[in-house]
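Colleague: I need the structure of the sequence given here:
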Amino acid sequence: MKSRTVQPIRRQSKKSGRNKNRKSSHNFGDTQPMRPIRDEQRPDLSDTQPMRPIGIRAGYREYQKVIDRRREVLKAPKPVPDKRYSRREKPAKSWTPGALRRALGKSIAKGEYFDFDMLFVIVFLMCFGLVMLYSASAYEAQVDVQLQDDMYYFSKQALIGVAGVVVMFLVSRVDYHIYGAFAFEIYVISMILMALVRSPLGVTLNGARRWIRLPGNLTLQPAEVTKIAVILFISYELCRLGKKASKTPGIIRVLAFGAIAAGGVMYLTDNLSTAIIVMAITCILIFVIHPKTRPFLIIIGVTVAVAAVLIAILAATAADSDNFRIQRIISWLNPEATADDGSFQVLQGLYAIGSGGFFGKGLGNSTQKLGVIPEAQNDMILVVICEELGIFGAIIIFILFGLLLYRLMFIAKNAPDLYGSLIATGIFAHIALQVVFNVAVVTGLFPTTGITLPFISYGGTAILFLMAEMGIALGISRRIKLEGE
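Modeller: Next up is the predicted model:
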């Protein structure tokens, strides 16, 4: 390409004439003058031109695409087991009363499976829990100066129980894949709700700040929302990762989400026991999806050994600590030495269990609930059951929980896809962990915590969200394909 050069301007003498100078004054060699731009061709260089707006509809369409992609992820099939060692379980003949099946079966489409056995267990646990709640709380509510109503706890729990049943049926009618599509948003909302506990909306009850005040003198415990959020979101992450979920980076990613939720429960709501349950649910879901068992057994063994060493060190060096959690561990290790304060509740509970015998003193005849065991309607309600109905009554409770866990395991095994199976497994883990922890605390096997007995202990938020979980499980059972379809 020929380069262009700029020629120097030659000065003309005055003798050469003015006209010639005028004609050549604008001649700069081979550089041509620019063509003038007309006003109508002149571009508007001002910064006042409006940008093209991004419409709300366009943003909604992009978000809808994200949701659709998530729903596609949730349709991942379950791993196909070896036919030599496993077989698909057939839905057994229901032992639910025929009248209840006929009353509820009108809303079930023909050929659609519905777990009436699980529904029967839930209804029985709720009714039994209300009876025992009234027996355990009537005296304390009557002598309370502010309440003076023996029906206070019973009526409040009954209303929330009815609302919970309605929520359960409504949730069961919704496709559980929709919850999975919004699992991340539910997870974020649960973290925001826990953060609100530290705001002026937070409420402190019995020395613990774990609730949010709602209109109508109601309270909400965000840690219960976090349990459902973790079950839905961790299950979605495992489905999205696929085979990567069993690799080290995938496990670290899933554990990080579980640890964030558990840390929020621990530090934002000051609830260690629920944080342990949240983290345990995450680990159980990873265990279920992982093809190997031996690494988890090694991890469990190492964890137990480390915990034993730490407890021994605390017992030897931190006996005079002001931390209430350390004091609970010290009282658990040596309950007789702290029988008047730290281990008072546990020892009185053991007295109640022992005095009840095998068949108990009779419904309503407990003496330890008469102001001896504080807050007997909460996490210590099992000792009242054992005192009034004996070990026989406790066995009935354990059988009912066993049937409930069996139905959840059946739903997890026969769910139509991996996401449904993981959700049912997460709900199974939640119920099982809470029952085991509560029984262990009541019998003195674990240090004292605030873990309640599902469906039976007093607690509005716990019952409401527990029934929502049962609704999700029943919704998964609706998608089970019957044999021959």
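Colleague: how close does residue 350 get to residue 366?
Modeller: Between residue 350 and residue 366 the distance is 14 Å, computed by CB to CB, to the nearest Å. Where C-beta positions appear, they are placed from N, C-alpha and C, glycine not excepted.
Colleague: quick one, which of those two is more surrounded?
Modeller: Ranked by neighbour count (other CB atoms under 10 Å), residue 350 and residue 366 place residue 366 first, with 26 against 18.
Colleague: Tell me if the more buried one really is in a strand.
Modeller: No: secondary structure of residue 366 (DSSP: H, G, I helix; E, B strand; the rest coil): coil, not part of a strand.
Colleague: Now do the buried residues in the lengthiest helix in the chain.
Modeller: When secondary structure is assigned using DSSP state H, the longest helix within the chain turns out to be helix 381-414. Burial within helix 381-414, assessed by neighbour count using 16 or more other CB atoms under 10 Å, is assigned to 381-390, 393-394, 397, 400-401, 403-405, 407-408, 410-414.
Colleague: any chance you could map the helices in the stretch 201-350 of the chain?
Modeller: For the stretch 201-350 of the chain, the helices defined by DSSP state H, counting those that start in this stretch occupy 222-241, 248-268, 272-289, 294-317, 324-333, 344-356.
Colleague: so which of these comes closest to residue 480?
Modeller: Closest to residue 480 of these, according to CB to CB: helix 222-241, at 17.3 Å.
Colleague: Output that closest one in PDB with nothing but the alpha carbons.
Modeller: Output in PDB follows, covering the C-alpha atoms of helix 222-241 (Å, rounded to 0.1, in the frame of the first residue of the first chain):
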ATOM      1  CA  PRO A 222     -36.100 -20.200  60.900                       C
ATOM      2  CA  ALA A 223     -34.000 -23.300  61.800                       C
ATOM      3  CA  GLU A 224     -37.000 -25.400  60.900                       C
ATOM      4  CA  VAL A 225     -37.200 -23.800  57.400                       C
ATOM      5  CA  THR A 226     -33.400 -24.500  57.000                       C
ATOM      6  CA  LYS A 227     -34.000 -28.300  57.400                       C
ATOM      7  CA  ILE A 228     -36.400 -28.400  54.500                       C
ATOM      8  CA  ALA A 229     -34.200 -26.000  52.500                       C
ATOM      9  CA  VAL A 230     -31.200 -28.200  52.900                       C
ATOM     10  CA  ILE A 231     -33.100 -31.400  52.000                       C
ATOM     11  CA  LEU A 232     -34.400 -29.800  48.800                       C
ATOM     12  CA  PHE A 233     -31.200 -28.000  47.700                       C
ATOM     13  CA  ILE A 234     -28.600 -30.600  48.600                       C
ATOM     14  CA  SER A 235     -30.700 -33.200  46.700                       C
ATOM     15  CA  TYR A 236     -30.800 -30.900  43.700                       C
ATOM     16  CA  GLU A 237     -27.100 -30.300  43.800                       C
ATOM     17  CA  LEU A 238     -26.400 -34.000  43.900                       C
ATOM     18  CA  CYS A 239     -28.700 -34.500  40.900                       C
ATOM     19  CA  ARG A 240     -27.000 -31.600  39.000                       C
ATOM     20  CA  LEU A 241     -23.500 -32.900  39.700                       C
END
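Colleague: Now do it and helix 272-289, the angle between them.
Modeller: Relative orientation of helix 222-241 and helix 272-289, computed by axes from the mean of the first three to the mean of the last three CA atoms, to 10 degrees: 20 degrees.
Colleague: and helix 222-241, how far out from the chain's middle?
Modeller: For helix 222-241, the gap between its own C-alpha mean and the chain's C-alpha mean amounts to 6 Å (CA atoms, centre = their mean, to the nearest Å).
Colleague: re earlier: what's the most buried one of the helices of the stretch 201-350 of the chain?
Modeller: Ranked by average neighbour count under the criterion mean count of other CB atoms under 10 Å, the helices of the stretch 201-350 of the chain are headed by helix 222-241 at a mean of 25.
Colleague: what's the weakest-modelled helix or strand in the chain?
Modeller: The least trusted helix or strand in the chain, going by mean pLDDT, DSSP states H and E, turns out to be helix 18-24, with a mean of 47.
Colleague: Quick one: residues in contact with the lengthiest strand in the chain.
Modeller: Across the chain, the longest stretch assigned as strand under DSSP state E is strand 208-214. Contacts made with strand 208-214 from outside it, assessed by CB atoms under 8 Å, 6 or more residues apart in numbering, are listed as 193, 196-198, 201-203, 205, 219-223, 269-271, 450, 461.
Colleague: Over to stretch 347-359?
Modeller: With contacts defined as CB under 8 Å, 6+ apart, stretch 347-359 is touched by 335, 339, 361, 366-369, 372-373, 380, 383-384, 386-392, 442-444.
Colleague: Now do residue 340: how many residues are near it, please.
Modeller: Using other CB under 10 Å, residue 340 has 8 neighbouring residues.
Colleague: which residues does it contact?
Modeller: By CB under 8 Å, 6+ apart, no residues touch residue 340.
Colleague: coming back round to it: from the contact counts, what lies against the longest helix of the chain?
Modeller: Helices and strands touching helix 381-414, as assessed by 3 or more CB pairs under 8 Å, 6 or more residues apart in numbering; DSSP states H and E, comprise helix 116-143, helix 344-356, helix 418-442, helix 460-478.
Colleague: Mind checking the pLDDT average for stretch 256-266?
Modeller: Mean pLDDT, computed over stretch 256-266, is 93.
Colleague: How far does it sit from its chain's centre?
Modeller: 11 Å.
Colleague: Export that stretch to CSV, keeping only CA atoms.
Modeller: Included here for stretch 256-266 are C-alpha records, laid out as CSV according to Å, rounded to 0.1, in the frame of the first residue of the first chain:
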residue,chain,number,x,y,z
ALA,A,256,-19.7,-26.5,51.7
PHE,A,257,-23.4,-25.8,51.2
GLY,A,258,-24.3,-28.0,54.1
ALA,A,259,-21.6,-26.3,56.3
ILE,A,260,-22.9,-22.9,55.4
ALA,A,261,-26.4,-23.8,56.4
ALA,A,262,-25.2,-25.5,59.6
GLY,A,263,-23.0,-22.5,60.4
GLY,A,264,-25.9,-20.2,60.0
VAL,A,265,-28.0,-22.3,62.4
MET,A,266,-25.2,-22.4,64.9
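Colleague: List the neighbours of that stretch that are in contact with it.
Modeller: Applying CB under 8 Å, 6+ apart, the set of residues contacting stretch 256-266 from outside is 187, 190-191, 194-195, 223, 226, 229-230, 233-234, 237, 271-272, 274-276, 278-279, 281-283.
Colleague: Next: stretch 384-395.
Modeller: By CB under 8 Å, 6+ apart, the surrounding residues in contact with stretch 384-395 are 132, 135-136, 352-353, 355-369, 373, 376, 382, 396-397, 456.
Colleague: Also stretch 271-290?
Modeller: Residues lying outside stretch 271-290 but in contact with it, judged by CB under 8 Å, 6+ apart, are 208, 210, 223, 226-227, 230-231, 234-235, 238, 245-246, 251, 254-255, 257-259, 261-263, 265-266, 293, 296, 325, 422, 425-426, 429-430, 433-434, 437, 449-451.
Colleague: export it as PDB, just CAs?
Modeller: Coordinates of each C-alpha in stretch 271-290 appear next as PDB, following Å, rounded to 0.1, in the frame of the first residue of the first chain:
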ATOM      1  CA  ASN A 271     -28.800 -23.700  68.000                       C
ATOM      2  CA  LEU A 272     -26.000 -26.400  68.100                       C
ATOM      3  CA  SER A 273     -28.300 -29.400  68.100                       C
ATOM      4  CA  THR A 274     -30.200 -28.400  65.000                       C
ATOM      5  CA  ALA A 275     -26.900 -27.400  63.300                       C
ATOM      6  CA  ILE A 276     -25.700 -31.000  63.900                       C
ATOM      7  CA  ILE A 277     -28.900 -32.400  62.300                       C
ATOM      8  CA  VAL A 278     -28.500 -30.100  59.300                       C
ATOM      9  CA  MET A 279     -24.900 -31.200  58.700                       C
ATOM     10  CA  ALA A 280     -25.800 -34.900  59.400                       C
ATOM     11  CA  ILE A 281     -28.600 -34.700  56.700                       C
ATOM     12  CA  THR A 282     -26.000 -33.500  54.200                       C
ATOM     13  CA  CYS A 283     -23.600 -36.200  55.000                       C
ATOM     14  CA  ILE A 284     -26.300 -38.900  54.800                       C
ATOM     15  CA  LEU A 285     -27.400 -37.700  51.400                       C
ATOM     16  CA  ILE A 286     -23.800 -37.900  50.200                       C
ATOM     17  CA  PHE A 287     -23.400 -41.300  51.700                       C
ATOM     18  CA  VAL A 288     -26.500 -42.600  49.800                       C
ATOM     19  CA  ILE A 289     -25.300 -41.200  46.500                       C
ATOM     20  CA  HIS A 290     -21.700 -42.400  46.900                       C
END
